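[1] sequence and computational prediction follow.
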Amino acid sequence: MKTKPYIQDDNVLAYAVGTTLDRFIKSKQADFPFATGELSQLLRDIALAAKIVSREISRAGLVNVAGAYGHTNVQGEEQQKLDVIANIRFTRALTKGGEVCAIVSEEEDEVIDLQNSRGKYVVAIDPLDGSSNIDVNVSIGTIFSIYRRVTPIGYPIQEEDVLQQGKQQVAAGYVLYGSSTMLVYTTGFGVYGFTYERSLGEFFLSHPDIKAPVDGHIYTINEGLQPYLEDDVLEYVAHCKQKGASARYIGSLVADFHRNMLKGGIYLYPGTKKAPLGKIRLMYEANALAFIAEQAGAKATNGKNRILDIVPTSLHQRTPLFIGSEKMIEELGSLMKQIK
Ligand SMILES: O=P(O)(O)OC[C@H]1O[C@](O)(COP(=O)(O)O)[C@@H](O)[C@@H]1O
Ligand SMILES: [Mg+2]
Ligand SMILES: [Mg+2]
């Protein structure tokens, strides 16, 4: 009987839509002969916590996890119960995974030193992004940055291990809890998006090698800031309106960023007369999204410098953030120079 052998081309399969996250991580690790698998394991730990948090969020209205927790965090913001739950879930997964020596979290005043003598990674995380949208069933997210520690493994954690520039990130990503749950990340070799298939409990590659459109027709800014905006930003927003661009604002950084990355657009959270450094945090919001943006061919600045070049001085420092399609960021940049 005529037969033929089944030839499975792992390389093709590895990047084919529908590849599981685990298979993808394995195939990517094979690209690096000296890879030890620790970063791969860390990414898996984050994916596991994302699945658990996604479940908590999807049933938030049913069980008593909606509403305020009754504490304020170091930023003076009222913590939502899901902020705390997400913080616990990610911290636990990162601790149990064993690859991490320290965690910087939006919900923790100080660095969490995991006293892990073999952990070589530092993670900065916004466990739940878009807290104001939690109770109203609007998309929210998680944002994470991964760095390699600077001091030798096993040493007490030093400031230099934690306060690293964004360009030192070895990986960064976000989870979007929206109509579907997605995990999007980069290790510096392109940006890949995975969609969570809840019934199978698996993330599947759905957005290989994401590239942001060079230009866009969406601008994203909280118009409520208008009375406090500086002239250059006011001028740029007017310019967008003149160009017929559409205003879109969800109020969850991850969701606004994700939309603009796929469709083309610019997100602006500038410094204002009231808050000269704006609202967005450098260590666990701006740096991660800036790394992803640049890997997708987009740009991220604070109006003067590339976000990834900013030298951090404190864990919870804020930065003006302008992030999005290359041409739109350049247009903003040249307008800012003209006006200054
Ligand atoms: O309510 P505002 O001032 O528009 O701010 C919205 C921004 O604040 C944030 O909610 C801040 O993040 P957290 O929810 O993690 O604190 C961003 O997600 C969002 O883009
Ligand atoms: Mg946030
Ligand atoms: Mg948050």
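    Right, received. Where do you want to start? Ligands and ions are numbered 1, 2, ... in the order given.

[2] packing partners for the top helix by length along the chain?
    Longest helix of the chain, by residue count under DSSP state H: helix 38-58. With contacts defined as 3 or more C-beta pairs under 8 Å, 6 or more residues apart in numbering; DSSP states H and E, helix 38-58 has these neighbours: helix 21-30, helix 81-97, strand 121-129, strand 140-148, strand 171-177, strand 181-186, strand 191-197. Using the backbone N, CA and C atoms, a C-beta is placed for each residue, glycine as well.

[3] can the second one be said to contact ligand 3?
    No. Contact of helix 81-97 with ligand 3 (C-beta under 5 Å from the ion) is absent, the minimum separation being 5.9 Å.

[4] how about the helices in the stretch 201-340 of the chain?
    231-242, 253-263, 287-295, 326-339 (DSSP state H, counting those that start in this stretch).

[5] wait, which of the ones you listed is closest to L42?
    Closest to L42 of those is helix 287-295 (C-beta to C-beta; 14.2 Å).

[6] give me the contacts around that closest one.
    Outside helix 287-295, the residues within contact range by C-beta atoms under 8 Å, 6 or more residues apart in numbering are 124, 143-145, 166-167, 169, 172-174, 184-186, 188-191, 212, 253, 257, 261, 299-300, 306-308, 321, 323-324.

[7] kindly recompute the last result at 6 Å.
    With C-beta atoms under 6 Å, 6 or more residues apart in numbering as the test, helix 287-295 has contacts from 143, 145, 166, 169, 172, 186, 191, 257, 300, 307-308, 323.

[8] report the separation between the residue in the chain positioned nearest to ligand 2 and ligand 1.
    Nearest residue of the chain to ligand 2 (C-beta to the ion) works out as D129 at 3.4 Å. Distance, D129 to ligand 1, by C-beta to the nearest ligand atom, to the nearest Å: 4 Å.

[9] just list whatever residues bridge to that residue.
    Judged by DSSP bridges, the bridge partners of D129 are G141.

[10] burial count for it?
    Per other C-beta atoms under 10 Å, the neighbour tally for D129 reads 29.

[11] ditto for E330
    E330: 14 neighbours (other C-beta under 10 Å).

[12] return the residues of the chain in contact with ligand 1.
    For the chain, the contact set with ligand 1 under C-beta under 6 Å from any ligand atom comprises 77, 106, 126, 129-132, 222, 251-253, 279.

[13] so which residues on the stretch 51-200 of the chain come close to ligand 3?
    Within the stretch 51-200 of the chain, the positions near ligand 3 by C-beta under 5 Å from the ion are 106, 126, 128-129.

[14] try it again at 8 Å.
    By C-beta under 8 Å from the ion, the part of the stretch 51-200 of the chain that sits against ligand 3 consists of 83, 106-107, 126-131, 143.

[15] burial count for E78?
    E78: 13 neighbours (other C-beta under 10 Å).

[16] scratch that, Q226 is what I was asking about
    Neighbours of Q226 (other C-beta under 10 Å): 12.

[17] check contacts around T72.
    E78.

[18] so who does T319 touch?
    282, 286, 302.

[19] which one of those sits in the busiest neighbourhood?
    A286 (30 neighbours).

[20] what distance do you get for K243 to I266?
    Distance, K243 to I266, by C-beta to C-beta, to the nearest Å: 11 Å.

[21] between the two, which one's more packed in?
    Shown here are K243 and I266; by other C-beta under 10 Å, I266 has more neighbours (26 against 11).

[22] who does that one bridge with?
    Y219, G324.

[23] what residues are up against it?
    I266 touches 219, 324, 328, counting by C-beta under 6 Å, 6+ apart.
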